[in-house]
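any chance you could fold what I've pasted below:
(one chain, ligands or ions: 1)
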Amino acid sequence: MIKVRGPLTVWLNGRIQVVKEVRLEGNADDEVECKGCLLTHSFVNAHTHLPMILLRGLVSEKGFWDWLEEIQRLEEEMGKKEIEAGYYLGLWENLLSGNTVVYSMYRDYDLVEETFGMELHTGPISFREADEDVFFLLERFERKAPEGVVPTLFAHSLYKLPLKRLKEIAELLGEKPIEFQIHASETKEEVLEVKRKFGQYPVRVMEALGLLTPRTMLVHAGWITKSELDIAARYGTSLVHVPASNARLAIHGFFPWKEAEERGIRVLFGTDSPASNDGQSILHDLRLALLFAKDRYWDAEPFGWRNVSGAFDKKGFALWEPRETVLSVGKPLVNTFLYAPHLFSLRLLLRRGKVLWPQKVPGRVDQALKVAERFRERMGELHFK
Ligand SMILES: [Zn+2]
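Here you go, the predicted model:
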């Protein structure tokens with residue numbers, strides 16, 4: 001057991017309390033002195049592309065389509081060694097940000113051999129693998145997925161994938177209760193393209209194909225109509241809000257948070273790729289999500305700490321230490337945490353009783369850093385000349 005001595009603020013399962021001390025299940029007997037700290041569940045980063053951490057900051061001041069073109073050109077420079085390094089660096093950064101569950105959509109997902117105590121949802125497919133059978137890819141991955149990895153299906157988007165592949169995925173979803181994630185209604189152009197290609201709005205197309213299930217997650221959803229939300233609600237499909245990345249690439253549209261909640265749709269939060277965010281802190285993205293919502297709805301009241309329950313990993317705990325100047329307890333401390341996250345540092349991270357932070361930097365992360373540095377030197381030359 002780990003004893004955390006306060007008094008401290010505890011924000012768990014939708015309740016905020018101030019208590020003298022807390023006992024947490026842990027793999028070590030320990031006492032932590034943390035007066036004035038905040039205990040929360042750890043976070044779920046419901047959408048990222050981990051290896052793209054190697055491309056962080058390389059393409060800036062570009063809108064989505066120009067950004068994508070340039071990023072894809074740089075991605076061609078990444079071999080398996082770099083992608084593997086990107087997975088470990090990306091995971092480590094999520095851990096340091098207090099995220100203990102991560103959904104990552106990227107190729108070469110089978111390179112990951114350890115997750116540092118986190119839960120990583122990854123697997124087939126991205127649009128690059130359209131020539132291989134999804135059933136085969138998934139089965140092969142399920143057989144070899146290491147501890148901590150949850151095999152999950154990914155599709156880049158309706159507009160990137162051939163119809164044959166989309167039908168194959170739908171067939172698989174009908175047979176197997178597996179999680180499935182797809183970029184949906186990310187840009188205005190995408191919605192128009194899908195309408196041209198299929199004659200319907202994206203979520204209607206997904207319904208017709210059989211891609212909507214309670215385990216389907218629609219990422220972005222900034223250009224989604226109310227009737228599409230009704231459909232998503234009927235299937236129990238979730239939305240993933242990625243506010244920082246949407247804003248950085250100037251594609252935001254309007255994330256229908258209020259309308260989703262009114263329909264009982266689960267809202268999750270993701271950072272999206274470190275090449276378009278640039279960080280992977282869900283806490284920092286929650287700040288933006290809340291500010292954007294208040295600002296864009298012209299209504300401050302419906303959005304606050306009660307609305308972010310979809311961000312938490314119930315199996316994890318994070319202890320946050322505020323700077324001396326914060327001077328708050330209870331609900332005011334939670335508000336400060338959400339609106340000024342930079343005033344807090346991560347003191348302790350646990351998942352299923354195991355201490356994830358602090359821990360010694362794993363050898364794989366050290367190795368990955370060296371690979372990444374060499375790659376960045378090469379990219380710097382390529383990109384800036
Ligand atoms: Zn994405």
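
C-alpha from now on. contacts and neighbour counts both.
OK.

number of residues surrounding Ala85?
By other CA atoms under 10 Å, the residues close to Ala85 number 26.

next SSE downstream of the helix or strand harbouring it?
According to DSSP states H and E, Ala85 maps onto helix 80-96. Where DSSP H and E defines the elements, the next helix or strand beyond helix 80-96 is strand 99-104.

give me the mean pLDDT for that next one.
Rounded to a whole number, the mean pLDDT of strand 99-104 is 98.

tell me the helices and strands packed up against that strand.
When contacts are defined as 3 or more CA pairs under 8 Å, 6 or more residues apart in numbering; DSSP states H and E, strand 99-104 packs onto strand 38-48, helix 80-96, strand 119-122, strand 312-322.

surely Pro100 and Met118 touch.
Actually, residue 100 is Thr rather than Pro. Yes. Assessed by CA atoms under 8 Å, Thr100 is found in contact with Met118 at 4.9 Å.

mind listing what's buried along stretch 263-276?
Neighbour counts over stretch 263-276 (16 or more other CA atoms under 10 Å) mark 263, 265-276 as buried.

these: which two are farthest apart?
Farthest-apart pair in the buried residues of stretch 263-276 is Arg263 and Ala275; separation 32.6 Å (CA to CA).

helices of the stretch 101-250 of the chain, start to end?
Counting by DSSP state H, counting those that start in this stretch, the stretch 101-250 of the chain has helices at residues 134-144, 163-175, 188-198, 202-209, 226-235, 243-248.

hang on, Leu343 packs against Leu327?
No. Contact criterion CA under 8 Å: Leu343 and Leu327 do not qualify, at 11.2 Å.

and Lys258, how close does it get to Leu290?
Per CA to CA, to the nearest Å, Lys258 is found 11 Å from Leu290.

which of those two has more neighbours?
A direct count of neighbours by other CA under 10 Å for Lys258 and Leu290 places Leu290 higher, at 21 against 16.

that one belongs to a strand?
No. Using DSSP: H, G, I helix; E, B strand; the rest coil, the assignment for Leu290 is helix, not a strand.

so what's the residue count around the residue lying closest to it once chain neighbours are set aside?
Among residues not flanking Leu290 along the chain, Phe303 sits closest, at 6.2 Å (CA to CA, 6 or more residues apart in numbering). Applying other CA under 10 Å, we find 18 residues neighbouring Phe303.

ok, Lys160 next?
Applying other CA under 10 Å, I find that Lys160 has 14 neighbouring residues.

pLDDT weak spots in the chain?
For the chain, the stretches with pLDDT under 70 are 126-131, 383-385.

closest to Val371 out of the helices of the stretch 101-250 of the chain?
Closest among those, once you apply CA to CA, is helix 134-144, at 24.9 Å.

show me how far that closest one is from its chain's centre.
23 Å (CA atoms, centre = their mean, to the nearest Å).

check contacts around the nearest residue in space to Pro322 that is not next to it in sequence.
Leaving aside its chain neighbours, Pro322 sits nearest to Phe344 (4.3 Å; criterion: CA to CA, 6+ apart). Going by CA atoms under 8 Å, 6 or more residues apart in numbering, Phe344 touches Trp320, Glu321, Pro322, Arg323, Phe337.
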